[in-house]
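# got a structure for you, letters missing:
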């Protein structure tokens, strides 16, 4: 048994994860991200305590505690460096504090790396050696896992595939670069594309779903309109599929993974377009066998952070 | 002692390489790339025989023969698959044929992968764990080496970083994609950029160096003109540096290497701009420490193929 803890700026989610990656005894407590480091850490302790309360047998059987924490962080030393979303943890030794508090081994990493590892150990990437994972949502996070080990790069900041630009003169991304795939295919980017198309062609169900206000259009509205047969919504999602194919072509030309696993709300929204993406990838990769690489949906959805956190201790 | 053999479409270069990566007894024979497989292989045998003739003592001390071959090929099985530049070697077991002919172990790989490994074992990437190597010339080839081992991906076709697009609506590349860095920063791409600028501003030394004909402009002319203080040549090379910084930002966001090593004619041409590239990279990477990653010139120039081929046997 492993406890997986998923820390965000406002909440801590946690769960008990077994050797098959099944999650039980899920809990959720508020995160306190300002003040001193101990105050923030108290939220982590409360989440773990709540699991022990729900599953007292876990206390004796616990192999470790894995934690997804906002970064930047150093997965090797277990230290959280200077996360903008959790300012109370400047150079905070989160793994060591957890080991001391609960007397078991602890590991930390960022959520996309961890979720990628969970897919390798227990999910859609099981059995594959070279794995590219992406979570497509409000942002785009990615993870690279080779031989069941997260690839970290020089300081633990590798696998930021969401910030690969495919259009350096394109729209500016939150990171400051232009034309990052996150600026083109995240949920907000899809909504912005829809708004742009609506401006020249207002005849779409999308606007109705957004209460008649273009400014309120979200990616979900595009998905709903598409399912209802809306032509403009279809064009928005086809363009998104086109851009994802270009991006995945770049990823294949660098990594030639054995599998590409995608999760998150936008992955679900785009799942009906996976075949279209796969058909287009060969035009955007020099790899003559690019079309053989599967593009599959992640096993874990909203629980990816908990499963991922547990996966960090999964090989212990 | 290892023999490194570098096969091109028209020539076979080879040399004897010692444990420090020093090359001696270099030779060069014509390659025969049409006809039957044995005819092509005879050129490899002739190159090796010529080395044994120049250095008879190598015969007894030989640890292995490494070969850079035109691809696609399978570095694991040592089979050359269906190289467009060497049509005589369709599914030819080059490594096995070499082992049989000379009674020593043999390894094959593509030239950029091999050259990257040579830089790790004996050159500019010595002592680094996660290495990105690029050869910038008529084309752009790249190699990825982790912990002194070439990263091959699913079928041996990973690390085609020259075909990462940073401008999917940009100029078409020889590979069929648009806006690949090869289509933007290879020697021919630099020459094309110069020709484009000359068309609107003919006042440049470049044209004079090319004998007054824009169609004859090559990247070397741009370099010569720049060294002579030519303003247009400076603009061409600054734009090239800008695009290389964007590309390396993408590479860092995926791989976060410990070092970036570049070789080849265009790398030499651009070497005076390395500082400029390094200054610009942080604007094109989400990695807050991107600016710490060194960008260095490769040890091996024209002999990169021989050294790389030998490196394939360097860990045996």
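Done, it's in. Just so you know, these numbers come straight off a predicted model, no measurement behind them.
# OK, contacts around residue A:115?
Counting by Cβ atoms under 8 Å, 6 or more residues apart in numbering or on different chains, residue A:115 touches A:68, A:133, A:135, A:141, A:143, A:263, A:298, A:300, A:304-305, A:307-308, A:311. For every residue, glycine as well, the C-beta is placed using N, CA and C.
# what is the nearest of those to residue B:77?
Among these, residue A:133 lies closest to residue B:77 (Cβ to Cβ), at 28.6 Å.
# quick check, that closest one in a strand?
Yes: assessed by DSSP: H, G, I helix; E, B strand; the rest coil, residue A:133 belongs to a strand.
# which of the contacts of residue A:115 fall in helices?
Among these, DSSP state H puts A:304, A:305, A:307, A:308, A:311 in helices.
# surely the first one and residue A:262 touch.
Meaning residue A:304. No: the pair residue A:304 and residue A:262 fails to qualify as a contact (Cβ atoms under 8 Å) at a distance of 11.1 Å.
# so between the two, which is more surrounded?
Remark: of residue A:304 and residue A:262, residue A:304 carries more neighbours, 29 against 26, as counted by other Cβ atoms under 10 Å in any protein chain shown.
# quickly note the distance from the more buried one to chain B.
Relative to chain B, residue A:304 is positioned 21 Å away (Cβ to the nearest Cβ, to the nearest Å).
# per-residue pLDDT, residue A:202?
pLDDT for residue A:202: 72.
# assign a three-state SS to it, would you?
Here residue A:202 is coil, with the state taken from three-state DSSP.
# how about the contacts made by residue A:184?
Residue A:184 neighbours (Cβ under 8 Å, 6+ apart): A:166, A:167, A:170, A:171, A:240, A:243.
# I figured the third one hits residue A:177, correct?
So that's residue A:170. No: using Cβ under 8 Å, residue A:170 and residue A:177 do not qualify as a contacting pair, with a distance of 9.4 Å.
# hmm, back to that, with distance to residue B:236 and pLDDT as new columns, can the contacts of residue A:115 be given to me in a markdown table?
Compiled in a markdown table, these are given as follows (distance: Cβ to Cβ, whole Å; pLDDT from 0 to 100):
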| residue | distance to residue B:236 | pLDDT |
| --- | --- | --- |
| A:68 | 46 | 98 |
| A:133 | 40 | 98 |
| A:135 | 41 | 98 |
| A:141 | 38 | 97 |
| A:143 | 39 | 98 |
| A:263 | 44 | 98 |
| A:298 | 45 | 98 |
| A:300 | 49 | 98 |
| A:304 | 47 | 98 |
| A:305 | 48 | 98 |
| A:307 | 51 | 98 |
| A:308 | 47 | 98 |
| A:311 | 49 | 98 |
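# the nearest residue to residue A:34 once chain neighbours are set aside: what secondary structure?
Nearest residue to residue A:34, sequence neighbours excluded (Cβ to Cβ, 6 or more residues apart in numbering or on different chains): residue A:88, at 5.5 Å. At residue A:88 the chain is in coil, as set by three-state DSSP.
# then residue A:170?
The three-state assignment at residue A:170 reads coil, by three-state DSSP.
# show me what contacts the nearest residue to it once chain neighbours are set aside?
In space, residue A:170 comes closest to residue A:179 once its chain neighbours are excluded; the distance is 3.0 Å by Cβ to Cβ, 6+ apart. Listed by Cβ under 8 Å, 6+ apart, the contact partners of residue A:179 are A:165, A:166, A:167, A:168, A:169, A:170, A:171, A:173, B:166.
# what's the closest of those to residue A:100?
Distance to residue A:100 across the contacts of residue A:179 (Cβ to Cβ) is lowest for residue A:173, with 38.9 Å.
# what's around that closest one, how many residues?
Residue A:173 has 22 neighbours, counted by other Cβ under 10 Å.
# got it, and residue A:96?
Residue A:96: 14 surrounding residues under other Cβ under 10 Å.
# what helix or strand is it on?
Assessed by DSSP states H and E, residue A:96 sits inside helix A:94-102.
# and that helix, what does it pack against?
Contacts defined by 3 or more Cβ pairs under 8 Å, 6 or more residues apart in numbering or on different chains; DSSP states H and E place helix A:94-102 against helix A:37-54, strand A:64-68, strand A:79-80, strand A:105-109.
# and the shortest one, average pLDDT?
Taken as a whole, strand A:79-80 has an average pLDDT of 96.
# please apply the same query to stretch A:46-56.
Here the average pLDDT along stretch A:46-56 is 97.
# can you tell me what sits against it?
A:3, A:5, A:12-16, A:24-25, A:27-29, A:58-59, A:65, A:101-102.
# in that stretch, what counts as buried?
Neighbour counts over stretch A:46-56 (16 or more other Cβ atoms under 10 Å in any protein chain shown) mark A:46, A:47, A:48, A:50, A:51, A:52, A:55 as buried.
# one step back: nearest to residue A:38 among the ones in helices among the contacts of residue A:115?
Using Cβ to Cβ, the ones in helices among the contacts of residue A:115 come closest to residue A:38 at residue A:305, 22.8 Å.
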